[in-house]
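# return atomic coordinates for the entry below.
(one chain, ligands or ions: 1)
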Amino acid sequence: MTDLTSFIAGLPKAELHVHHVGSASPRIVAELAARHEGRSPVPADPAALADYFAFSDFAHFIEVYLTVVDLIRDDQDVRMLTYEVGRELARQQVRYAELTITPFSSVKRGIPATAFCEAIEDARRGAAADFGIELRWCFDIPGEAGLPAAEETLRIALEEKPEGLISFGLGGPEIGVPRAQFKPYFDKARAAGLRSVPHAGETTGPETIWDAIRELGAERIGHGISAVQDEALLDHLAEHRIPLEISPTSNVRTRAVAAIEEHPLATLIGKGVPVSINSDDPPMFGTTLEAEYAVAARLLDLDPTGVAGLAKGAVEQSFLSPAGKKALLAEIDAYAGQNRA
Ligand SMILES: O=c1[nH]cnc2c1ncn2[C@@H]1O[C@H](CO)[C@@H](O)[C@H]1O
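As a prediction, the model looks like this:
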């Protein structure tokens with residue numbers, strides 16, 4: 001029997017819900033913090049950084065997240081961060097990742113949109129050439145910044161049109177940030193061919209998920225864990241194959257779920273809801289995608305075949321081309337076959 005940890009380590013994967021700045025490793029954060037000579041509350045020391053990434057609630061998480069966004073000052077920082085995120089994902093055998101990027105937050109901090117998009121595209125090409133990973137972008141609206149952020153995020157998406165851009169999202173706090181107000185922006189983004197993948201049901205109830213589906217045309221939902229409170233919604237997600245992008249440890253670290261044993265992952269799968277396993281903001285939550293697969297395997301009592309099934313589900317739920325899906329599914333099957341229990 002191949003040890004499950006080593007099976008997961010070698011398993012080809014796709015990641016659908018992982019944030020750009022949220023993936024900055026302690027080394028990268030330290031490097032960026034050092035450039036700001038103590039003008040930033042973000043500690044450069046990795047041990048101090050681990051304490052800094054202890055969140056009292058979701059609002060505190062967003063507050064801390066934005067102090068890390070403050071460290072990114074120019075397109076060189078963006079290029080380096082994006083390339084290194086590609087390196088780390090490829091180290092975990094991620095072949096394809098849809099990275100959630102928030103251009104508004106960096107443009108607001110003085111990085112011109114064109115330079116920002118050139119930087120992420122340089123990094124995307126570099127990561128593909130050097131690490132064999134395909135990165136694609138989801139541009140998300142930081143919900144706390146409201147309609148001005150929606151306007152600017154849509155403008156950047158439609159005017160800059162970086163080659164890797166495939167989807168349009170909505171992140172940040174849900175409380176006090178109703179989804180419906182963003183309908184005009186999602187309508188335009190979808191009309192331009194971008195896929196709709198808003199966060200919903202992470203820190204608010206199932207009505208936010210219904211709104212994301214009905215108002216924003218959500219094809220997948222970021223988190224969506226509160227769906228378990230609404231049987232009709234669970235049936236709708238299962239019947240219409242609307243996947244939830246689940247990040248188990250994130251939900252515990254932001255206090256959206258009290259403890260990992262209480263995570264609704266098993267219930268969601270039991271109701272036939274398609275789910276993918278993701279890491280969300282791995283260094284901030286002290287996790288990795290590999291570790292999230294191990295958490296899911298424990299919560300769902302999976303053997304290697306079951307874990308490979310989770311990886312295949314993420315590929316099927318991705319926005320990869322049919323040929324791309326076929327190739328990655330075949331690679332997963334080949335790997336699982338060679339490492340049978
Ligand atoms: O788990 C999450 N939920 C919601 N937003 C998140 C999460 N992780 C990172 N962000 C990011 O928080 C910023 C708020 O301005 C956005 O950039 C959003 O992408």
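
# right, and Arg87 touches Phe131 too?
Yes - contact criterion CB atoms under 8 Å: Arg87 and Phe131 qualify, at 5.6 Å. (Glycine included, C-beta is placed from N, CA and C.)

# more neighbours: which of those two?
Between Arg87 and Phe131, counting by other CB atoms under 10 Å, Phe131 is the more crowded of the two (18 against 15).

# wait, what's in contact with that one?
For Phe131, the contacting residues are 86-87, 89-90, by CB atoms under 8 Å, 6 or more residues apart in numbering.

# please name the nearest non-neighbouring residue to it.
Leaving out its chain neighbours, the residue that sits closest to Phe131 by CB to CB, 6 or more residues apart in numbering is Ala90, at 3.6 Å.

# double-check that that neighbour belongs to a helix.
Yes - judged by DSSP: H, G, I helix; E, B strand; the rest coil, Ala90 forms part of a helix.

# would you mind listing the outside residues contacting stretch 294-306?
By CB under 8 Å, 6+ apart, the surrounding residues in contact with stretch 294-306 are 2, 4-5, 7-8, 246, 248-249, 260-261, 263, 265-266, 269, 277, 287, 307, 309-310, 336, 339-341.

# just the buried ones from those?
Listed as buried from the contacts of stretch 294-306 are 4, 7-8, 246, 248-249, 263, 265, 269, 277, 287, 307, 310, 336; burial here means 16 or more other CB atoms under 10 Å.

# Gln76: which of those residues is nearest?
Among the buried ones among the contacts of stretch 294-306, Thr287 lies closest to Gln76 (CB to CB), at 27.8 Å.

# contact residues of the stretch 101-250 of the chain facing the ligand?
Residues of the stretch 101-250 of the chain that fall close to the ligand, judged by CB under 6 Å from any ligand atom: 102, 105, 140, 142, 144, 171-172, 199, 202, 250.

# can you lay out the residues you listed as JSON lines showing pLDDT?
Shown next, in JSON lines, are these (pLDDT from 0 to 100):
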{"residue": "Thr102", "pLDDT": "98"}
{"residue": "Ser105", "pLDDT": "97"}
{"residue": "Asp140", "pLDDT": "98"}
{"residue": "Pro142", "pLDDT": "98"}
{"residue": "Glu144", "pLDDT": "97"}
{"residue": "Gly171", "pLDDT": "98"}
{"residue": "Gly172", "pLDDT": "97"}
{"residue": "His199", "pLDDT": "98"}
{"residue": "Glu202", "pLDDT": "98"}
{"residue": "Ser250", "pLDDT": "98"}
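
# inside helices: which ones of those?
Judged by DSSP state H, the subset of those located in helices is 105, 250.

# now, the residues of the stretch 101-250 of the chain next to the ligand that are in strands?
Among these, the members found in strands (DSSP state E) are 140, 142, 171, 199.
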